[in-house]
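Colleague: Next come a sequence and a model predicted from it.
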Amino acid sequence: MANYFNTLPLREQLAQLAKCRFMDSSEFADGVEALKGKKMVVIGCGAQGLNQGLNLRDSGLDVSYALRPEAIEQKRQSWKNATENGFVVGTYEDLIPTADVVLNLTPDKQHTPVVKAVMPLMKEGACLSYSHGFNIVEEGMQIRDDLTVIMVAPKCPGSEVRAEYVRGFGVPTLIAVHEDNDPKGEGLALAKAYAVGTGGHKAGVLMSSFIAEVKSDLMGEQTILCGMLQTGSILCFDKMVEEGVDAGYASKLIQYGWETITEALKYGGVTNMLDRLSNPAKIKAFDLAEELKVIMRPLYNKHQDDIIDGTFSRVMMEDWANDDKNLLQWRADTAETNFEKTPAGDVEISEQEFFDNGILMVAMVKAGVELAFETMTAAGIIAESAYYESLHETPLIANTIARKKLYEMNATISDTAEYGCYLYNHACLPLLADFMKDIKTDVIGKGLSSDDNGVDNARLIEVNTALRSHPVEAIGSVLRGHMADMKKIV
Amino acid sequence: MDTAICLDDLSVNFDDRFHLHHINWTIEPNQHWVITGTNGSGKSALAAVLAGVGDIEQGTLSGLPSRVGLVSFEAQAELIAKELKKDDADIMDVISLGTPVQEMIFDACADPELATDLVEKFGLSHLLDRAFRKLSTGETRKVMLIRALSSKPDLLILDEPFDGLDVDTLAMLQQHLASIIETTPMVMVLNRFDEMPDFITHVAYLEKAADDCGQLAFKVDRQDKSAFAELYQLLHLKTTDLQVPAPDSASKLPSLDPDQPLVKLTDATIKYDETVIVDKLNWTIEPGKHWQLSGPNGSGKTGVLSLITGDHPQCYSNDIFVFGFQRGNGESIWQIKQFIGYVSTSLQWEYRVSVSCKNVIISGFYDSIGMYSKSTDNQKKIADEWLALLGMKDRADQPFNKLSYGDQRLLMIARAMVKHPPLLILDEPCLGLDDMNRQLVLALIEKICAGHETTVLYVNHHAEDQISGIENYLALEKNH
């Protein structure tokens, strides 16, 4: 199978990359009507599969689960997940032929074998749905002409998809129709109804393309979202310990610090995150971020280039073929880092202290978000997509670190994200070695001393202007404005 | 006063008309107390005990100073009765004018100078020659106050001293009291918190244990701001004639068939792996029949509730009829939830997001945790009414998660009730609450049970937290 994106002419590549529109809530007036009474069969009962299924069923839709015979016979976790939640479970042969919509919610890695097994069983004119376009775009999977192919991708981990629904809300969701497979022109209606069924319409839906989703999603997850937080955690922790900061304190500052500072990011973008700092600290964070951006820009460019031309997915698939040797080794290494092994100390850290003593972390988030956004938009991905895949998702990943450190993050994210994170971490740690040599506890661990209180007015104005005029802030304020209702939850 | 006054497990009988039971209370020198409580809880009785009234049946009362000044309606009535009796007792055929005010005040007065000054300040100068029993109630009250204050007592007991005083006199009296706090410990009975002088250091709250019987329920140090605020609310809830705010006329619930049960579970079963948590439960809840559900931990109480609310995934593999829907036929959970008000600890925990108190209440209209829709003016108005009812008006815009646990619980009940749901589920509503908050919550629930639109399903294993009005009981047992 050839990389689908690479088969397209440049004009079409650019058009697809630039596809992204924030949909109006009035476009969802039909609710779940397009799916009412249709048989939805989910393949895979992991976090996304189970939680999306629970939401869809609670929205009044008919959901069942098709699992492989081994999973059923051996009563594996996926079988337990589905049966304990009162769903009908059957084999592919039992359920797929009856399905009007097949929801492929297996890990990316399994898409090719799963789709190959399922496609011949699907009835004429049915719909195949993905939560991620990797299989179509990067692996070039060809789908039977009579089948409609759509994507509904909640932009959150499966557990959040469920938790937000139960709270009466949803998570921002990206939908797309694979234009090569929309024989009856019903793809959009089905995707919209599906988004309503999971609650996504309440949080905002982006109409995108398979290509824009894949290329931006891969870029965001491997750089700022997972890669930067992973690398930053390790560097900041080791630095603090080296400088004599109590290890328990350092561990806590990082584990919960990402969550706290990116909460400010979620509310009011990079500007608000830096506004939480004192003026001298803000200037410090700004300068550090500028320095980081210069050092890391080539790395961000390389990640984006490799994603666009397919190098990344090819290399990753080679590792898949090699039983994940590289990835598994790295996963084991992560578990052995000092940060991971040092439990958060029993110390009280106030909300503001996470900012005051975590200036470098703020700088890293700023640098990572802006670099990812700049790199994506330079590659032709439009600002809306780039915003969601960088700034918007950072707090979500930070939450997983707060829960159970890097282990939880890597366990929660997709295998493409984890592989990308592995690549980024490997390249970024040595890249920042020199930079870290000059770092002291004033920017990580202890905060600025009161002697550093003065600021130059002209410089402060410069910094504030630069912060507020960055393009990620412009699109951010528009999109956050769209989600006016959401402001109150966050 | 140099030593503390100690009431140790003290029970007092007041002519068999009223009892105080098992009072434990210490008044240290330099403390100034307010006694408050519900009607009939024995506030005045407790104050009177300090003046030597009542028969001690049990326990000890020690450290009472010899000179105690008491001003109360009872003492006032007694004094007037005494005066009238003097008249009756006059066997000579002359008209007795009774004791003049002059004599009432200055005979046996420890500080005539102070008395003169107070007579002036209370505006009684022109009444000095008049007979005491000819005075108006307000005037006799003033005489009582002057007598008590100028007797230089070691303990001053003032039962509703501010009742019926005009604004200027009230200010004058408050000022005078404030000027003697260094030398004179005070105990006041007050029904209204807003009359409490600044120098009061402690509050004792009495509650009615049974008819004709009161007990001391809480003692609050005024320094403890949150406990003080809770006491304020409790008093507010207990002493105000509460009206539960009306539902939102614009978001009316679909009407239910009154002849159908609200809930019908048939052979309901919950199991994980092979462990059966709930085994073939049959349960019907008819409209208007309040239920209490009990059972030990692990007996599946919460599981059964979540089958009803639709939060349990196995509700789709059970025979469940709720609010006109046979579950699993294409209805959405929001169609079910609209009929239910739900309060539980776990729901409260879900509210970690920062939401204002007012929005927590409004979110009850949307069955959401947090607010994701724009609320209407009427919904805001109803939320304000609820906040006023809870005595939390001033906290409308405060973040929910900054409130005390007890206040949060009260708001959750208001959130559940705001739409006047046909079914209100209270899953251990008193769990984790201290005594005062428990009282607050129960007081609120009783107000709700007394209404007729809402059927209450109350889950609790604290036997003492019974709610009047519940007559049906379901006890679950541990199956595994």
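Modeller: Arrived safely.
Colleague: hang on, A:Val171 packs against A:Gly204?
Modeller: No: if you go by C-beta atoms under 8 Å, A:Val171 and A:Gly204 don't touch, sitting 9.0 Å apart. All C-beta spots, glycine's among them, are computed from the backbone N, C-alpha and C.
Colleague: so A:Val115 sits in a strand?
Modeller: No: read with DSSP: H, G, I helix; E, B strand; the rest coil, A:Val115 is helix and lies in no strand.
Colleague: quick one: the nearest residue to it once chain neighbours are set aside and B:Ile369, what's the gap?
Modeller: Sequence neighbours aside, A:Met141 is the residue nearest to A:Val115 in space, at 5.7 Å (criterion: C-beta to C-beta, 6 or more residues apart in numbering or on different chains). Plainly put, A:Met141 is 39 Å away from B:Ile369 if you go by C-beta to C-beta, to the nearest Å.
Colleague: next one: B:Lys280
Modeller: Taking C-beta to C-beta as the measure, B:Lys280 and B:Ile369 are separated by 33 Å.
Colleague: Compare these two and say which is more crowded by neighbours.
Modeller: B:Ile369 (23 against 10; other C-beta atoms under 10 Å in any protein chain shown).
Colleague: just checking, that one touches B:Ser363?
Modeller: Yes: B:Ile369 is in contact with B:Ser363 according to C-beta under 8 Å; the separation is 6.6 Å.
Colleague: Name the residues contacting each of these two.
Modeller: Contact criterion C-beta atoms under 8 Å, 6 or more residues apart in numbering or on different chains; residues shared by B:Ile369 and B:Ser363: A:Gly168.
Colleague: now the helices for the stretch 201-350 of chain B?
Modeller: In the stretch 201-350 of chain B, helices defined by DSSP state H, counting those that start in this stretch lie at B:225-239, B:301-309, B:333-337, B:345-350, listed in chain order.
Colleague: same question, the stretch 151-300 of chain A
Modeller: Taking DSSP H, counting those that start in this stretch as the test, the helices found in the stretch 151-300 of chain A are A:158-166, A:187-197, A:210-220, A:229-242, A:247-275, A:279-308.
Colleague: Using the record's assignment, carve chain B into domains.
Modeller: As given by automatic domain parsing, the domain ranges for chain B are B:5-239, B:253-475.
Colleague: Quick one: closest of those domains to A:Ile72.
Modeller: domain B:253-475 (15.4 Å; C-beta to C-beta).
Colleague: can you tell if the closest one touches chain A?
Modeller: Yes: under the criterion of C-beta under 8 Å from any C-beta of the partner chain, chain A is reached by domain B:253-475 at B:272-273, B:310-311, B:313-318, B:330-335, B:350, B:353, B:355, B:359, B:363, B:366-374.
Colleague: hey, where'd the strands end up in the stretch 251-400 of chain B?
Modeller: Ranges of strands within the stretch 251-400 of chain B are B:263-272, B:275-285, B:291-294, B:319-322, B:325-326, B:340-344, based on DSSP state E, counting those that start in this stretch.
Colleague: and B:Asp55, bridged to which residues?
Modeller: Residues found in beta-bridge contact with B:Asp55 (criterion: DSSP bridges) are B:Asn13.
Colleague: what residues are up against the residue nearest to B:Lys337 when sequence neighbours are not counted?
Modeller: Counting by C-beta to C-beta, 6+ apart, B:Asp367 is the residue found nearest to B:Lys337 once chain neighbours are left out, at 4.4 Å. Residues touching B:Asp367, when contacts are defined by C-beta under 8 Å, 6+ apart, comprise A:168, B:334, B:337-338.
Colleague: Out of these, which end up buried?
Modeller: Restricting these to buried positions leaves A:168, B:337-338, with burial counted as 16 or more other C-beta atoms under 10 Å in any protein chain shown.
Colleague: Tabulate these (JSON lines), appending pLDDT and distance to A:Ile439.
Modeller: As requested, those are exported to JSON lines (pLDDT from 0 to 100; distance: C-beta to C-beta, whole Å):
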{"residue": "A:Gly168", "pLDDT": "89", "distance to A:Ile439": "44"}
{"residue": "B:Lys337", "pLDDT": "94", "distance to A:Ile439": "51"}
{"residue": "B:Gln338", "pLDDT": "94", "distance to A:Ile439": "55"}
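Colleague: same question for the helix or strand harbouring A:Glu340, mean pLDDT?
Modeller: Using DSSP states H and E, the element containing A:Glu340 is helix A:338-341. Model confidence over helix A:338-341 averages 91 on the pLDDT scale.
Colleague: How about that helix, which residues are buried there?
Modeller: Taking 16+ other C-beta under 10 Å as the basis for neighbour counts, the residues of helix A:338-341 that come out buried are A:339-340.
Colleague: Could you check the pLDDT of A:Thr106?
Modeller: At A:Thr106 the predicted local confidence, pLDDT, stands at 91.
Colleague: Count the residues that sit near the closest residue to it other than its chain neighbours.
Modeller: Using C-beta to C-beta, 6+ apart and skipping the chain neighbours, the partner closest in space to A:Thr106 is A:Gly44 (3.7 Å). Other residues near A:Gly44 number 26, with proximity taken as other C-beta under 10 Å.
Colleague: For A:Gly44, give me its contacts.
Modeller: When contacts are counted by C-beta under 8 Å, 6+ apart, A:Gly44 is found next to A:78, A:104-107, A:110, A:114.
Colleague: Report the spatially closest residue to whichever residue of the stretch 251-400 of chain B sits closest to chain A, excluding sequence-adjacent ones.
Modeller: Nearest to chain A in the stretch 251-400 of chain B, going by C-beta to the nearest C-beta, is B:Ser368, at a distance of 2.6 Å. With C-beta to C-beta, 6+ apart as the criterion, B:Ser368 has its nearest non-adjacent residue at 2.6 Å, and that residue is A:Gly168.
Colleague: Residue ranges in the stretch 101-250 of chain B under the pLDDT threshold?
Modeller: B:164, B:192, B:211, B:239-242 (pLDDT under 70).
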